[in-house]
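> heads up, no residue letters with this:
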């Protein structure tokens with residue numbers, strides 16, 4: 001039993017997970033304060049935003065649980081440190097992961113310091129294997145994690161919903177899972193981006209014969225592996241590469257085309273969670289582990305090669321589909337999440353190799369020590 005009077009700040013989003021997290025903490029003897037973060041201003045865009053409804057739902061959770069309710073706003077911070085980065089990444093032709101950046105800068109920085117200064121914060125997330133959040137937490141500092149608890153960590157989603165139902169939290173139990181960009185939500189993302197970025201028309205080009213297949217409004221709107229809806233064509237084509245200099249978006253006629261598969265990538269400086277960097281990697285300059293670059297994708301065996309600037313080359317045991325610059329490569333050893341680095345470069349595709357072209361880049365020994373600084 002925890003000592004009475006131990007205070008916890010629980011981030012309440014208006015959803016079922018944070019509601020049950022607050023409930024469990026209260027039952028375990030904590031003095032819980034619910035805090036709702038407003039990080040997106042609907043006045044910044046056209047269309048509707050659910051922030052006011054979510055705030056009301058979070059307030060009702062705190063009323064139901066008889067705990068204090070606070071609100072904080074990080075609209076400016078979110079814009080400057082998360083959303084502006086998202087736009088920049090798209091302009092560079094990469095596909096960002098704002099949820100990881102949001103956790104790093106907003107939840108586990110500004111909100112953490114707010115809670116430490118005003119409450120004694122323990123930020124909460126948790127779920128079963130299907131809902132595992134380590135991918136999104138892979139850029140969090142050790143200092144922040146030492147001050148964090150995850151009361152749902154041992155529970156499945158179905159059990160979380162059962163607890164919510166038993167305690168009358170029906171208004172959040174019925175809500176759909178939160179999806180889309182962190183704090184912005186689901187929407188027509190092409191139209192949304194074009195409210196902030198200027199269109200840059202270009203061509204869809206076949207990777208096989210270089211034939212122009214159609215036009216688009218901007219290469220930054222497309223990510224590797226995405227279906228490209230080409231006018232007049234019944235069969236699906238998929239984005240396999242982009243040329244920022246020409247604006248061409250290269251497409252292939254099948255979802256498993258070899259142009260989608262690569263076995264080599266390079267990150268920026270890796271953020272290591274517990275050991276900076278792992279002793280094995282420092283000692284040997286190489287280390288076997290697993291990685292993923294999408295939430296819930298199967299872990300892929302790989303070998304890391306450490307560069308002097310802290311970046312790594314990642315060589316996969318077998319090629320993976322749709323490795324995307326801008327996403328984060330998240331590394332694991334067993335059940336432990338080691339940390340992550342942003343993907344800056346990808347090696348040639350299987351298709352390129354099949355065409356007889358030599359590997360143009362990779363972790364050659366003479367290159368490891370001389371590689372240019374990652375940005």
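The structure has been received and is ready for your questions. Everything numeric here is computed off the predicted structure, so don't read it as measured data.
> buried sites along stretch 268-283?
Residues of stretch 268-283 classed as buried: 268, 269, 270, 271, 272, 273, 277, 278, 281 (neighbour count, 16 or more other C-beta atoms under 10 Å). No exception for glycine: its C-beta is placed from N, CA and C like everyone else's.
> actually stretch 57-71, not the one I typed
Buried, per 16+ other C-beta under 10 Å, within stretch 57-71: 57, 58, 59, 60, 61, 62, 64, 65, 67, 69, 70.
> name the helix or strand for residue 29, please.
For residue 29, there is no helix or strand it lies in under DSSP states H and E.
> pLDDT wise, what is it at?
pLDDT for residue 29: 84.
> give me the phi and psi angles of it.
Main-chain torsions, residue 29, degrees, to the nearest 10: phi 100, psi 0.
> give me the domain ranges for the chain.
Domains of the chain are assigned by automatic domain parsing as 7-173, 198-252, 261-368.
> what's the closest of those to residue 189?
domain 198-252 (8.0 Å; C-beta to C-beta).
> quick check: end-to-end length of the closest one?
In domain 198-252, first residue to last residue: 26 Å (C-alpha to C-alpha, to the nearest Å).
> give me the mean pLDDT for it.
93.
> low-confidence ranges in the stretch 1-150 of the chain?
1-6, 43-49, 119-130 (pLDDT under 70).
> can you pull out the helices in it?
Assigned by DSSP state H, counting those that start in this stretch, the helices in the stretch 1-150 of the chain fall at 16-27, 51-65, 75-78, 84-91, 98-102, 111-118, 142-146.
> want to try JSON lines for those helices, with distance to residue 33 as columns?
Output for those, formatted as JSON lines (distance: least, C-beta to C-beta, whole Å):
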{"stretch": "helix 16-27", "distance to residue 33": "9"}
{"stretch": "helix 51-65", "distance to residue 33": "8"}
{"stretch": "helix 75-78", "distance to residue 33": "21"}
{"stretch": "helix 84-91", "distance to residue 33": "30"}
{"stretch": "helix 98-102", "distance to residue 33": "22"}
{"stretch": "helix 111-118", "distance to residue 33": "9"}
{"stretch": "helix 142-146", "distance to residue 33": "18"}
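> next one, pLDDT for residue 266 please.
pLDDT at residue 266 comes out at 97.
> residue 302 belongs to a helix?
No: applying DSSP: H, G, I helix; E, B strand; the rest coil, one finds residue 302 to be strand, outside a helix.
> does it touch residue 290 like I think?
Yes: counting by C-beta atoms under 8 Å, residue 302 does reach residue 290; the two are 6.6 Å apart.
> those two - which one has more neighbours?
The neighbour count for residue 302 versus residue 290, taken as other C-beta atoms under 10 Å, is higher for residue 302 (25 against 16).
> show me what contacts the more buried one?
288, 289, 290, 291, 314, 315, 316, 317 (C-beta atoms under 8 Å, 6 or more residues apart in numbering).
> other SSEs contacting the helix or strand harbouring the first one?
Here residue 288 sits within strand 286-292, counting by DSSP H and E. Where contact means 3 or more C-beta pairs under 8 Å, 6 or more residues apart in numbering; DSSP states H and E, strand 286-292 is packed against strand 300-306, strand 328-333.
> okay, these, which one's buried deepest?
Greatest average neighbour count among these goes to strand 328-333 (a mean of 23), per mean count of other C-beta atoms under 10 Å.
> strand partners of that one, parallel vs antiparallel please.
Strand 328-333 pairs in its sheet with strand 286-292 (antiparallel), strand 336-346 (antiparallel), by DSSP bridges.
> give me the buried positions along the last one.
Think strand 336-346. Within strand 336-346, the residues that qualify as buried by neighbour count (16+ other C-beta under 10 Å) are 337, 338, 339, 340, 341, 342, 343, 344, 346.
> tell me the least confident of those residues?
residue 337 (86).
> show me the contacts for the closest residue to that residue other than its chain neighbours.
Among residues not flanking residue 337 along the chain, residue 134 sits closest, at 4.0 Å (C-beta to C-beta, 6 or more residues apart in numbering). Contacts for residue 134 (C-beta under 8 Å, 6+ apart) come out as 330, 332, 337.
> same question for residue 223.
Contacts of residue 223 (C-beta under 8 Å, 6+ apart): 95, 239, 322, 324.
> wait, the third one sits on residue 257?
So the one you mean is residue 322. No: using C-beta under 8 Å, residue 322 is not in contact with residue 257, being 10.5 Å away.
> which residues touch the nearest residue to residue 203 once chain neighbours are set aside?
Nearest residue to residue 203, sequence neighbours excluded (C-beta to C-beta, 6+ apart): residue 212, at 4.9 Å. Applying C-beta under 8 Å, 6+ apart to residue 212 gives the contacts 203, 204, 205, 206.
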